[in-house]
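> Need coordinates for the below:
(3 chains)
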Amino acid sequence: MAVSLHADVFIPGQSIIHRWAARPKLLSLLALMFAIAMVRQLILLPWVFVVVGGLYLWSQLPLSYLARRLPYPGLFIVAMVGLLPWVSGETVLWQWSFLALRLEGVQVASLIAGRFLAILTTGFILLGTTPFLTLLEVMRSLGIPPLLTDMTLLTYRYLFDIANQLATMRQAMQLRGYGQSRQTVSRQWGWLAALMGSLLLRSYEQSQRVYQAMRLRGYGQNSSAPRRMTSRSGNQRFALPTSLTLLAAASVVIGEILLPPL
Amino acid sequence: MTQSLNSFSSSTPPAMSIPTAKEGRLRSVAIALQDLSFSYPDSPHILQDISVSIREGERVGLIGHNGCGKTTLFMLLCGLLTPQTGTVHLFDRLVETHQFRPEVGFLFQDPADQLFSPSVRDDVAFGPMNLGLSEAEVTKRVEAALELTGLQALASRPPHHLSGGEKQMVAIAGLMAMCPRVLLYDEPTASLDLRTRRRLIRFLQRSDETLLLASHDLEFLLEVCDRVLLIDEGRIIADGDPFEVMGDQALMEQHGLEKPHSLMPHVAMHHARRENCP
Amino acid sequence: MHIPDGILPAPVCVAGYAIAGGVTWVALKQIHKTSDPQAELPKAALLAAAFFVGSSLSVPIPPVSVHLVLNGVLGAVLGWYAWPAILIGLLLQAILLGHGGLTTLGVDAVMMGLPALLAGQFFRQRHRFAKALAPKPLLGIFSFLAGAIGVGLSALIFFTLIVFTIPSTLNQGAEQSFLTALMIAHVPLILLEGVFTVLLCFFLMRVKPELLEQ
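Purely as a prediction, here's the structure:
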């Protein structure tokens, strides 16, 4: 499975975006993402790209990071909107045989693709400059229930172990010839269901050991103990990225409201 | 799958079991590694210029500290990894990455990684089915493997319900049902109790296949193997008789290991009493 | 079956988050009422991880292979914990794989999680029919339906969203035919999801029946 290690998602650095306090960063960038989601005027997209591009440069994240992370989700958006230029709209820009490229379809596909690219890049700026554990702490501080954040932490912790387990089990199957000879679909489905079931079973049994280990270290003894926040609180110096980002988000929303509909 | 008894005395070293020219016949080369090197992105030079030949029927122990490359070597032998340089040949045929080679069987360190079917019988049958054998042949192989490993009584039980030692025997049965010529065992005694460990030793002593066993259990290797390879810093440091290699205390300690207890001379003060300890 | 960022209008994304927030509140309330969350949390978390990882398996449907959704069986195994499991799974998928979206997290959670909860509740009803049917056929029927309900409802929500957000410039006739064809194409997938759920539940019943008794 292509479960990338978190080391690939978070890129350590010293840019202002890296040092931007996590809570205002999360809220500001989320606000920007939603503002971009509101865009319905194609003419606003260049401004959106300037804002997002500026933030990306400010974060000093390498372009290779974007190049590495974009293709996989990009494929999905192409699959979803790739047909639109050919089937949507009346104004034909170009035609060859039965294929007709339509202006309105191109506009809609461009709008969706542009919003997608901008929102995704904003997301990468957030994830690339903020450790996952810090994000979780911020979510907890914002009132996300502890059960959710604790469960996220534990799921994340064991995700890689379980992914390795599955990879090893699949290796063992392949070493015993799985996929070498033609088998009936029902037989293959039986094997795959058994593989999935074994994975669930092993995870379940492991969770019982995990729980016992946690109990032995005091888990569940003092549920009212305040959880220590290790992320630093906001700093006056970082009012700049927060205010600039929120201003940019507001400008997108205002532009969307003020511009006449097409 | 024929068995042959190989009597073994724990107090005297075995005669060299590798046939030599003196016996008039040299067994063919089962495994040939030539200038094999491999690195992981975060662990360079896990293996460096490994060259070794292993003949059919040999039982070779691999010893070395954690991270010295024993499991990596096994994965290269099975074609799970691609060497950076060098080649691996199994019975004179090059091993290519992800190519299926049923003549080699790999017992993973955790047998649970290899067991997934709802019953022991189904799990043992998995390999022969994938070989494209007829139902009759599959059944024959499964029964033979169950008999060889003494698992007939457990045939209809889910492997998940068995003890660690039983799971390991099921995993071995699953490999044996494919009639391998080479078997790779990765830390086979790691989580076995003494009784199961003894059963495994007797089983391995009876087997005819070419065996490679990676283990920290040096006493186990002394009882099963007729040759041992000491690996450190990605290279083969020593290759020879287990008693000679493991009996060299300086060599063992230099490479992060210890001389097996049974090879230490037992004199009166060998075992210190607690009150004598500082 | 995730909706990526950029496709849905902002109001729909916000509504998705609002509904997801409401369902989270209900689910957590039920979790605290019906179980000991601290004891159940490691199990729910590791099983959530296993489902996340297991969803990478593809099953052959000649001539192709497909990834199954498995939200029905997730609901059957995890019960109310299926909701946080799906929420967390989607978040991690967006972060680690870039699959799905952050603005559409609420919508995706509702699309996958609500059907999982319903499938789980339905699966639990099988005990009412214990006297009418033998255990194996009973399990077979309910697991098939749970699997089918899970992915069937998700598909319904997905198509409803697409219908209401499709560009107005699209030819109505073409849009309708395309969507109808797509929905019909999902019917065999729904049935196959049910079949796989049956196989998985039969395996678990044989090897670890307590996993099905949440």
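> ok, how many other residues are close to residue 99?
Since no chain was named, I'll use chain A. Residues near residue A:99, counting by other C-beta atoms under 10 Å in any protein chain shown, number 8. (C-beta placed from N, C-alpha, C; glycine too.)
> Correction: the question concerned chain C.
17.
> show me the contacts for it.
Going by C-beta atoms under 8 Å, 6 or more residues apart in numbering or on different chains, residue C:99 touches A:72-73, A:76, C:2, C:93.
> make it 7 Å
By C-beta atoms under 7 Å, 6 or more residues apart in numbering or on different chains, the residues touching residue C:99 are A:73, C:2, C:93.
> Which helix or strand contains it?
Using DSSP states H and E, residue C:99 falls within no helix or strand.
> Phi first, then psi, for it.
The main-chain torsion angles of residue C:99 are listed as degrees, to the nearest 10 and equal phi -100, psi 130.
> And the strands in chain C, which stretches?
Assigned by DSSP state E, the strands in chain C fall at C:58-61, C:64-67.
> got TSV for these, with mean pLDDT, distance to residue A:83 and mean neighbour count too?
Compiled in TSV, the strands of chain C are given as follows (pLDDT from 0 to 100; distance: least, C-beta to C-beta, whole Å; neighbours: other C-beta atoms under 10 Å in any protein chain shown):
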stretch	mean pLDDT	distance to residue A:83	mean neighbour count
strand C:58-61	89	23	15
strand C:64-67	87	20	11
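> so can I have TSV of the contacts of residue C:99 showing pLDDT and neighbour count?
Listed next are those as TSV, based on pLDDT from 0 to 100; neighbours: other C-beta atoms under 10 Å in any protein chain shown:
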residue	pLDDT	neighbour count
A:73	76	23
C:2	79	18
C:93	88	19
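> And residue A:117, how far from chain C?
Distance from residue A:117 to chain C, counting by C-beta to the nearest C-beta, to the nearest Å: 7 Å.
> residues near that residue, how many?
By other C-beta under 10 Å, the residues close to residue A:117 number 22.
> Mind telling me what element it is part of?
Taking DSSP H and E as the criterion, residue A:117 maps to helix A:103-129.
> next structured bit after that helix?
Counting by DSSP H and E, what follows helix A:103-129 is helix A:132-141.
> Could I get the buried residue list for that next one?
Using 16 or more other C-beta atoms under 10 Å in any protein chain shown as the test for burial, helix A:132-141 gives A:132, A:134-141.
> Pull stretch A:72-90 out as CSV, backbone CA atoms only.
Presented in CSV, the C-alpha positions along stretch A:72-90 are these (Å, rounded to 0.1, in the frame of the first residue of the first chain):
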residue,chain,number,x,y,z
TYR,A,72,-2.2,10.8,-7.3
PRO,A,73,-5.2,13.0,-6.4
GLY,A,74,-4.8,14.9,-9.7
LEU,A,75,-5.7,11.7,-11.5
PHE,A,76,-9.0,11.6,-9.8
ILE,A,77,-10.0,15.1,-10.7
VAL,A,78,-9.0,14.5,-14.3
ALA,A,79,-11.2,11.4,-14.3
MET,A,80,-14.1,13.4,-12.8
VAL,A,81,-14.0,16.5,-15.0
GLY,A,82,-12.1,15.3,-18.0
LEU,A,83,-15.3,14.7,-20.0
LEU,A,84,-16.9,18.1,-19.3
PRO,A,85,-15.2,20.1,-22.1
TRP,A,86,-16.5,17.5,-24.6
VAL,A,87,-20.1,17.1,-23.4
SER,A,88,-21.0,20.3,-21.6
GLY,A,89,-22.1,23.6,-23.3
GLU,A,90,-23.2,25.0,-26.6
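> buried stuff in that stretch?
Neighbour-count burial for stretch A:72-90 flags A:73-74, A:76-77, A:80-81, A:84-85, A:88-89 (criterion: 16+ other C-beta under 10 Å).
> The residue of the stretch 101-250 of chain B found nearest chain A: neighbour count?
Of all residues in the stretch 101-250 of chain B, the one sitting closest to chain A is residue B:130 (3.0 Å; C-beta to the nearest C-beta). Close neighbours of residue B:130, defined as other C-beta under 10 Å, add up to 23.
> who's in contact with it?
Contacts for residue B:130 (C-beta under 7 Å, 6+ apart) come out as A:176-178, A:180-181.
> Check the buried residues of helix A:132-141 against chain B and report the nearest one.
residue A:132 (19.8 Å).
> Report the mean per-residue pLDDT for stretch B:121-139.
For stretch B:121-139, mean pLDDT is 94.
> before we move on, the earlier item: now, among the contacts of residue B:130, which is nearest to residue B:230?
Nearest to residue B:230, judged by C-beta to C-beta, of the contacts of residue B:130 is residue A:176 at 30.7 Å.
> Give me the nearest residue to that closest one, chain neighbours excluded.
Once flanking residues are discounted, residue A:176 sits nearest to residue B:127: 4.0 Å by C-beta to C-beta, 6 or more residues apart in numbering or on different chains.
> The one you found belongs to a helix?
Yes - counting by DSSP: H, G, I helix; E, B strand; the rest coil, residue B:127 falls inside a helix.
> That one against residue B:174, yeah?
Yes - using C-beta atoms under 7 Å, residue B:127 is in contact with residue B:174, at 5.8 Å.
> Now do the shared contacts for those two.
Listed as contacting both residue B:127 and residue B:174 by C-beta under 7 Å, 6+ apart are residue A:176.
> Chain C against chain B: which residues are in contact?
Where chain C comes near chain B, counting by C-beta under 7 Å from any C-beta of the partner chain, the residues are C:203, C:206-207.
> The stretch 101-250 of chain A now?
So the stretch 101-250 of chain A meets chain B at A:165, A:168-169, A:171-172, A:175-178, A:180-181, A:194-195, A:198, A:201-202 (C-beta under 7 Å from any C-beta).
> 10 Å instead, please
For the stretch 101-250 of chain A, the contact set with chain B under C-beta under 10 Å from any C-beta of the partner chain comprises A:164-183, A:187, A:190-199, A:201-202, A:205.
> Now the residue in chain C that chain B sits nearest to. Nearest residue, chain neighbours left out?
Residue of chain C nearest chain B, by C-beta to the nearest C-beta: residue C:207 (4.5 Å). Distances taken as C-beta to C-beta, 6+ apart place residue B:158 nearest to residue C:207, at 4.5 Å, with adjacent residues excluded.
> residues in contact with the residue of chain A found nearest chain C?
Across chain A, the shortest distance to chain C (C-beta to the nearest C-beta) belongs to residue A:116, at 3.0 Å. Residues in contact with residue A:116 (C-beta atoms under 10 Å, 6 or more residues apart in numbering or on different chains) are A:36-37, A:70, A:73-74, A:76-78, A:80-81, C:4-7, C:101, C:103.
> pLDDT score assigned to residue C:34?
At residue C:34, the pLDDT value in this model is 85.
> for the closest residue in space to it that isn't next to it in sequence, what are its contacts?
What sits nearest to residue C:34 in space, not counting adjacent residues and going by C-beta to C-beta, 6+ apart, is residue C:80, at 6.9 Å. By C-beta under 10 Å, 6+ apart, the contact list for residue C:80 reads C:26-35, C:40, C:44, C:117, C:120-121, C:214.
> before we move on, back to that, and the residue of the stretch 101-250 of chain B closest to chain A, how far from residue B:110?
Computed as C-beta to C-beta, to the nearest Å, the residue B:130 to residue B:110 distance reads 21 Å.
> Residue A:162 too?
Applying C-beta to C-beta to residue A:162 and residue B:110 gives a distance of 13 Å.
> Can you flag which of the contacts of residue A:116 belong to helices?
Secondary structure defined by DSSP state H assigns A:36-37, A:73-74, A:76-78, A:80-81 of these to helices.
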